[in-house]
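**Student:** let's see this in three dimensions:
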Amino acid sequence: MNRPWRTAVVGLSDRIEVEWFEPKSLAEAYPGEFGISRPGTLAVAQVTAPDEEPIIVASLYAPWEEPHASTGSSWIYSDGSVHRVISDLSAFIGRQAGHRIIAAGDLNSLYGYGENGNPYWASRYATVFERMAGLGLEFVGPQVPAGRQAEPWPNELPPESENVPTFHTNHQTPATATRQLDFVFASKGLADKVQVRALNQVEDWGPSDHCRVGIEVP
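**Tutor:** Residues are numbered from 1 along each chain as shown. Next up is the predicted model:
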């Protein structure tokens with residue numbers, strides 16, 4: 001869990017302009033600058049396409065954490081990491097409505113259910129999505145039918161869930177993946193336009209333990 005991580009926003013076309021925002025540690029950032037709680041967990045850029053308003057694009061990552069040694073606990077948790085990232089991302093929200101932000105990444109969190117159906121963890125994970133919604137960033141996927149659902153169906157997942165697996169453990173393969181850990185959020189003004197799809201078919205998965213997630217803005 002002490003491995004270095006790196007989020008990134010990369011421009012792959014000359015048709016768009018990308019302005020990257022330089023992150024600074026919270027201790028070094030002045031008011032109005034981009035301060036981050038943990039290096040590598042948030043990358044942000046302004047992307048401008050021809051004849052379109054700019055969009056703020058954010059790449060997110062929430063590493064697992066462990067409780068303090070004094071607890072004697074063997075838990076791992078991610079919601080603390082996610083809330084740090086959300087706090088840092090909040091710097092790019094300067095009004096109640098009208099912002100244009102797309103934020104996506106691996107949050108190591110669960111949507112709509114808890115660990116083995118445990119209501120305690122379900123409640124903790126829910127705070128992540130509730131806080132994003134409170135900032136005006138709606139959860140836009142991926143959700144079925146924009147991706148293959150788990151088969152066989154995991155016991156921890158309610159039958160009505162629209163989750164699509166985006167991650168497989170070392171004991172699984174893309175075909176047997178069950179958990180969705182990757183999520184996309186968009187400002188309310190963009191949410192109806194953004195199209196999100198999990199490329200989680202076995203033949204599309206790729207070499208990573210996480211599948212790719214496609215995001216299109218018409």
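**Student:** so which bits of the longest helix along the chain are buried?
**Tutor:** Taking DSSP state H as the criterion, the chain has its longest helix at helix 119-134. Neighbour-count burial for helix 119-134 flags 121-122, 124-126, 128-129, 131-132 (criterion: 16 or more other CB atoms under 10 Å). C-betas here are computed from N, CA, C, even on glycine.
**Student:** and it, how far out from the chain middle?
**Tutor:** In terms of CA atoms, centre = their mean, to the nearest Å, the centre of helix 119-134 is found 13 Å from the chain centre.
**Student:** again, but for stretch 131-141
**Tutor:** 11 Å.
**Student:** one step back: of all the buried residues of helix 119-134, which two lie farthest apart?
**Tutor:** For the buried residues of helix 119-134, the farthest-apart pair by CB to CB is Trp121 and Met132; their separation is 17.9 Å.
**Student:** for the nearest residue in space to Trp153 that is not next to it in sequence, identify the helix or strand it belongs to.
**Tutor:** Closest residue in space to Trp153, ignoring its immediate chain neighbours: Pro159 at 7.5 Å, by CB to CB, 6 or more residues apart in numbering. Here Pro159 sits in a region with no helix or strand, counting by DSSP states H and E.
**Student:** what's near enough to touch the nearest residue to Ala150 once chain neighbours are set aside?
**Tutor:** Spatially, and ignoring its direct neighbours in sequence, Ala150 is nearest to Thr178 (4.4 Å; CB to CB, 6+ apart). Under the criterion of CB atoms under 8 Å, 6 or more residues apart in numbering, the contact list for Thr178 reads 150, 154, 157, 165, 168, 172.
**Student:** number of residues surrounding the third one?
**Tutor:** Pointing back at Leu157 there. Number of residues near Leu157 (other CB atoms under 10 Å) recorded here: 19.
**Student:** name the SS class of it, please.
**Tutor:** coil (DSSP: H, G, I helix; E, B strand; the rest coil).
**Student:** I'd say it and Ala150 touch.
**Tutor:** Yes - Leu157 lies in contact with Ala150 (CB atoms under 8 Å); the separation is 6.8 Å.
**Student:** who touches both of those two?
**Tutor:** With CB under 8 Å, 6+ apart as the test, Leu157 and Ala150 both reach 163, 178.
**Student:** can you give me the pLDDT of the closest residue to Thr173 other than its chain neighbours?
**Tutor:** Closest residue to Thr173 apart from its sequence neighbours, by CB to CB, 6+ apart: Val202 at 7.8 Å. Val202 is assigned a pLDDT of 96 by the prediction.
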